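**Student:** coordinates for the following, if possible.
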Amino acid sequence: MHNPKRCEGFVGCSLFANVFRFYKKSPSDEKFTVEKVIDVPSKKVEGWILDEMNGLMTDILLSLDDKFLYFSDWFHGDV
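**Tutor:** Down below sits the predicted model:
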């Protein structure tokens, strides 16, 4: 997050196109809690190594007002 006082953020897992949110339930907590917030399903394809193609996340961007999260899924051609 862009606000340094917020104890939360996002991380992208590139090989399966997942985004996880990590946060503290209260500022006094020592441990972070993690939840999956985006899970891009694989697509059925032809002419690929496998019958299904997982996503491949290459970029993740959080808007400056912390309201919107964008990511690119290179294998699927999505933003």
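
**Student:** lowest mean pLDDT among the helices and strands of this protein, which one is it?
**Tutor:** Here the helix or strand of the chain ranked lowest by mean pLDDT, DSSP states H and E is strand 52-53, holding a mean of 88.

**Student:** how about the next helix or strand after that strand: buried residues?
**Tutor:** Next in sequence after strand 52-53, counting helices and strands by DSSP states H and E, comes strand 57-62. Residues of strand 57-62 classed as buried: 57, 60 (neighbour count, 16 or more other C-beta atoms under 10 Å). For glycine as for every other residue, the C-beta is placed from the backbone atoms N, C-alpha and C.

**Student:** now swap in stretch 5-21 and tell me
**Tutor:** Going by neighbour count (16+ other C-beta under 10 Å), the buried part of stretch 5-21 is 10, 12, 14, 17, 18, 19, 21.

**Student:** now for the least confident helix or strand of the chain, which elements pack on it?
**Tutor:** strand 43-44 (3 or more C-beta pairs under 8 Å, 6 or more residues apart in numbering; DSSP states H and E).
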